[in-house]
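1. I would like the atomic coordinates for the input below:
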Amino acid sequence: MALRAITGNGVNILAMGAFYVAPAMGCDIADAYLNAELGSGYEWWHNFYEFHKLAIDELEALIMRSIRRADLR
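-> The predicted structure follows:
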């Protein structure tokens, strides 16, 4: 799931619960997450990066608008 999260969605935060994730599995998850980037493994999908980058940019703009509104109150 960590590999899919970074390669398919471009996430920048990884959280694991110690109760559910054994130490060795946690290391494997962290390695998969740290050694991948958005779009790796999806080279066959034409315009994968551009498609997902558009969504990421839209979400970042929404977050910034929300932050600005909160600062104005």
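
2. residue nearest the centroid of the protein?
-> V11 (1.1 Å; CA atoms, centre = their mean).

3. can you pull the pLDDT of the nearest residue to L14 once chain neighbours are set aside?
-> Once flanking residues are discounted, L14 sits nearest to Y33: 4.9 Å by CB to CB, 6 or more residues apart in numbering. Using the backbone N, CA and C atoms, a C-beta is placed for each residue, glycine as well. Looking at Y33, its pLDDT is 82.

4. try L3
-> 66.

5. Over to G8?
-> pLDDT recorded at G8 is 64.

6. M64: which element?
-> In this structure, M64 sits in helix 48-72 according to DSSP states H and E.

7. Report the buried residues of that helix.
-> Across helix 48-72, burial judged by 16 or more other CB atoms under 10 Å covers F48, H52.

8. Any idea how far that helix is from the middle of the chain?
-> 14 Å (CA atoms, centre = their mean, to the nearest Å).

9. okay, and for the protein, where does confidence drop off?
-> Across the chain, the ranges flagged by pLDDT under 70 are 1-10, 72-73.
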